[in-house]
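give me a 3D structure for the following:
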Amino acid sequence: MEFSSSWALLVMASLAALAFLSKLLLFKSHQLKFPPGPKPWPIIGNLDLIGSHPPQSLHKLAQKYGPIMQLKFGSFPVVVASSAEMAKEFLKTHDHVFASRPKTAAGKYTAYNYHNITWSPYGPYWRQGRKIFLSELFSSKQLESYQYIRVEEMRAFLSRLCILSGKPVMLKDHLFRLTLSIISRIALGKKYVSDDSKYETSIVRSEEFQEMLDELFLLNAVFNIGDWIPWLDFLDMQGYVKRMKGLRKKFDRFLDRVFDEHKAKKEGGNDLMPKDTVDLLLQLADDPNNDVKLTYDCIKALTQDLIAGGTDTSATVIEWAMSELVKQPHLIKKANEELDRVIGRERWVEEKDIPQLPYIDAIMKETMRKHPVAGLLVPHLAIQDCDVAGYKIRKGTRVFINTWSIGRDPSIWDAPEEFQPGRFLGKDIDVKGQNFELLPFGSGRRMCPGYSLGRKVVSSTLANMLHGFNWKLPDNMKCEELSMDEVYGLTTCRKFPLVAMMEPRLSLHLY
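Residues are numbered from 1 along each chain as shown. Have a look, this model is predicted:
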């Protein structure tokens, strides 16, 4: 009897302690202030609220819940920043906390197990890779040394357009060929991709390589169910992982051929000094003084990152710029007036001329505002608990910066849906990551390291296209008939490629 009463007292005391502890924990959880957001469903969370264009879906939600909101995608908390102020909180004020990346299938299968700059987690390897990019590949000295390549490929591009005068031209194909030729010669030493498979140096045709890059950018931006609900990963319900593995094999074949040629050249005693990016990376892989050993997969990942980032993004920005301009011919006229005044009609625009062409610069910035290449910056990962703008952000939270939404913020931009380059004239707003209302290359530690090359290519190409040709839509198409629909991916492209016609406006001997 004494034993049973003692046991009953012990049970009652334990229950009382548990009740007190649960109330204490509940009280503490109520004390924590998380960002506002919609209530999640079991298992899927808020994934049902994300449509085919995630930046637009999140933009609409931000209208209700505010510039910082919390959702749940499957098993993981997600915070979305939709204003310049909130972007600054994550990318500058607390940059050290949010400088890492979540583990995704795209990072594993298309980026050689997280070994490119885009998907590698914050740590020694990422720091070494970024250092290589900034100090060896994109330094002012290196960019200057490759200027002759940009000039030669630009002249060839303009000559090709001249030959096609008076004919409807799908512009993206020619822009892709230009940017790929530039980055191939810089990174690989020569063009391994051509329009004619009979060329000895070509490995793949241009159309096939463009399809590879399109697939790469698409698969790196998809909302893969296995990334958000890990216990469903093995099912590959959307078939994305299968496509990622297939794409990896295609890049393996391409990069293996490139590296084999470079290694054979080196072993043969030719070109002992590095002449291109692959030469440099192969040399660094043999350097025992590296903080982190560069494996063969590391070199593949970094090379792929360079080719992809330097090709599709620039071509996409220029295509959007020309799309907006042909819809408003008076803007082209204004750009031509500046070009004729500053450059004249007897020479092409050079890179050194760009600072004297503020309207061209304004067109570029306005394009990047209204059509950010990355509508959602690559997701950041909280590596520890953090307080942001009075809200609690837990370790492991994925953070999206919605640049598409920031570019449409009426508190920053007048008539944000209209394309008005003039809004940037006389304004000290740059694209270097310090003005958080305009973040085409991101900001902070994870900012795109190749932004200097990207700016040079986009600005000089756009300036010379406008300087060298008169542009119009084909077949008496009206400006208002041109669709501006977008397709979401790691780069946000036109749903329907721009087709335009042009005719020379300079002396024919220049072409």
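
neighbours of Ile307, how many?
Using other C-beta atoms under 10 Å, Ile307 has 28 neighbouring residues. Where you see a C-beta, it was placed from the backbone N, CA and C, and this is true even at glycine.

my error: substitute Val326 in the last question.
Neighbourhood size, Val326 [other C-beta under 10 Å]: 21.

ok, now which ones touch it?
Val326 makes contact with 332, 471-473, 479, 482, 498, 500 under the criterion C-beta atoms under 8 Å, 6 or more residues apart in numbering.

can I get the buried part of those residues as one PyMOL selection?
Buried residues within those, by 16 or more other C-beta atoms under 10 Å, are selected in PyMOL with:
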select buried, resi 332+471+473+482+498+500
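
from the contacts of Val326, which has minimum pLDDT?
Least confident of the contacts of Val326 in the model: Cys479, at 93.

phi first, then psi, for that one.
phi -60, psi -40 (degrees, to the nearest 10).

Pro288 too?
phi -70, psi -10.

strands - which of the contacts of Val326 land there?
Secondary structure from DSSP state E places 471-472, 500 of the contacts of Val326 in strands.

dump those residues to CSV, plus distance to Val378.
As requested, the ones in strands among the contacts of Val326 are exported to CSV (distance: C-beta to C-beta, whole Å):
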residue, distance to Val378
Trp471, 33
Lys472, 37
Ala500, 31
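
quick one, what contacts Cys162?
Cys162 neighbours (C-beta under 8 Å, 6+ apart): 468-469, 504, 508, 511.

repeat that with 6 Å
Taking C-beta atoms under 6 Å, 6 or more residues apart in numbering, we find Cys162 in contact with 504, 511.

for His467, same thing?
339, 349.

that older thread, looking at the contacts of Val326, which is nearest Ala81?
For the contacts of Val326, the minimum distance to Ala81 (C-beta to C-beta) is 31.1 Å, reached by Leu498.

and for the residue nearest to Tyr109 when sequence neighbours are not counted, the neighbour number?
Distance criterion C-beta to C-beta, 6 or more residues apart in numbering; nearest residue to Tyr109, sequence neighbours excluded, is Met244 at 3.8 Å. A count of neighbours around Met244, defined by other C-beta under 10 Å, yields 24.

what's the answer for Pro440, then?
The number of residues near Pro440, taken as other C-beta under 10 Å, comes to 26.

now do the helices in the stretch 201-350 of the chain.
206-219, 225-228, 240-267, 277-285, 296-327, 329-342 (DSSP state H, counting those that start in this stretch).

export those helices as CSV, with columns for distance to Val151.
Shown next, in CSV, are the helices of the stretch 201-350 of the chain (distance: least, C-beta to C-beta, whole Å):
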stretch, distance to Val151
helix 206-219, 21
helix 225-228, 43
helix 240-267, 24
helix 277-285, 19
helix 296-327, 16
helix 329-342, 18
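
deepest-packed of those, please.
Mean neighbour count, computed with mean count of other C-beta atoms under 10 Å, is highest for helix 296-327 among these, reaching a mean of 23.

before we move on, back to that, figure out which of the helices of the stretch 201-350 of the chain is closest to Leu164.
helix 296-327 (14.6 Å).

distance from that closest one to the middle of the chain?
A distance of 8 Å separates the centroid of the chain from that of helix 296-327, by C-alpha atoms, centre = their mean, to the nearest Å.

what angle do helix 206-219 and it make with each other?
On the basis of axes from the mean of the first three to the mean of the last three C-alpha atoms, to 10 degrees, helix 296-327 is oriented at 100 degrees to helix 206-219.

number the chain from 44, please
New numbering, starting at 44: the last item is helix 339-370.

show me what contacts the closest residue to Thr359 other than its chain neighbours?
Once flanking residues are discounted, Thr359 sits nearest to Thr534: 5.0 Å by C-beta to C-beta, 6+ apart. The neighbours of Thr534, taking C-beta under 6 Å, 6+ apart as the test, are 260, 355-356, 359, 416.

gap between Thr534 and Asn156?
Here Thr534 is placed at a distance of 23 Å from Asn156 (C-beta to C-beta, to the nearest Å).

would you mind giving me the confidence score for Val247?
pLDDT, Val247: 81.

what's the neighbour count on Lys234?
Counted with other C-beta under 10 Å, Lys234 comes out at 18.

do I have it right that it meets Ile226?
No. Lys234 is not in contact with Ile226 according to C-beta atoms under 6 Å; the separation is 10.1 Å.

where does the stretch 44-193 of the chain have low pLDDT?
By pLDDT under 70, the weakly predicted segments of the stretch 44-193 of the chain are 44-74.

can you pull out the helices in it?
Using DSSP H, counting those that start in this stretch, helices in the stretch 44-193 of the chain cover 45-74, 97-108, 127-131, 148-152, 167-174, 183-188, 190-206.

and Glu461, what helix or strand is that in?
Secondary structure assignment for Glu461, by DSSP states H and E: no helix or strand.

quick revisit: and the residue nearest to Tyr152, what does it touch?
Contacts of Met287 by C-beta under 6 Å, 6+ apart are 152-153, 262.

can you pull the pLDDT of the residue most central in space within the chain?
Centroid-nearest residue in the chain: Ala417, 4.7 Å away (criterion: C-alpha atoms, centre = their mean). pLDDT for Ala417: 93.

just Tyr242 next, same as before
49.

before we move on, back to that, for the contacts of Met287, which one is nearest Leu349?
Of these, the one sitting nearest to Leu349 (C-beta to C-beta) turns out to be Thr153, at 14.6 Å.

number of residues surrounding the residue nearest to Lys115 when sequence neighbours are not counted?
The shortest distance from Lys115 to any non-neighbouring residue, by C-beta to C-beta, 6+ apart, is to Gly88 (3.4 Å). By other C-beta under 10 Å, 21 other residues sit near Gly88.

touching, Gly88 and Ser118? I think so.
No. Using C-beta under 6 Å, Gly88 is not in contact with Ser118, being 7.6 Å away.

now Lys151: how far from Gln463?
Lys151 sits at a distance of 42 Å from Gln463 (criterion: C-beta to C-beta).

circling back: make JSON lines out of the contacts of Met287 and add distance to Asn332.
Shown next, in JSON lines, are these (distance: C-beta to C-beta, whole Å):
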{"residue": "Tyr152", "distance to Asn332": "31"}
{"residue": "Thr153", "distance to Asn332": "30"}
{"residue": "Leu262", "distance to Asn332": "36"}
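
these two touch, right, Val542 and Leu214?
No. Val542 lies out of contact with Leu214 (C-beta under 6 Å); the separation is 7.2 Å.

the two: which has the busier surroundings?
More neighbours surround Leu214 than the other of Val542 and Leu214, with 23 against 15 (other C-beta under 10 Å).

can you tell me the closest non-neighbouring residue to the more buried one?
Leu541 (4.9 Å).

so who does the one you found touch?
Here Leu541 is in contact with 214, 362, 366 (C-beta under 6 Å, 6+ apart).

closest to Lys135 among those residues?
Relative to Lys135, the closest of these is Glu362; by C-beta to C-beta it sits at 30.9 Å.

want to throw the contacts of Val369 into a markdown table with distance to Pro483?
Below are the contacts of Val369 laid out as a markdown table (distance: C-beta to C-beta, whole Å):
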| residue | distance to Pro483 |
| --- | --- |
| Ile375 | 22 |
| Trp514 | 23 |
| Lys515 | 28 |
| Leu516 | 26 |
| Cys522 | 25 |
| Leu525 | 23 |
| Leu541 | 19 |
| Ala543 | 23 |
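
which of the contacts of Val369 lies closest to Lys408?
Taking those together and measuring to Lys408 by C-beta to C-beta, the closest member is Ile375, at 16.9 Å.

now do that closest one against Ser503, distance only.
In terms of C-beta to C-beta, Ile375 sits 17 Å off from Ser503.

tell me where the stretch 394-543 of the chain has strands.
423-424, 429-431, 434-436, 441-444, 512-515, 529-530, 536-537, 542-547 (DSSP state E, counting those that start in this stretch).
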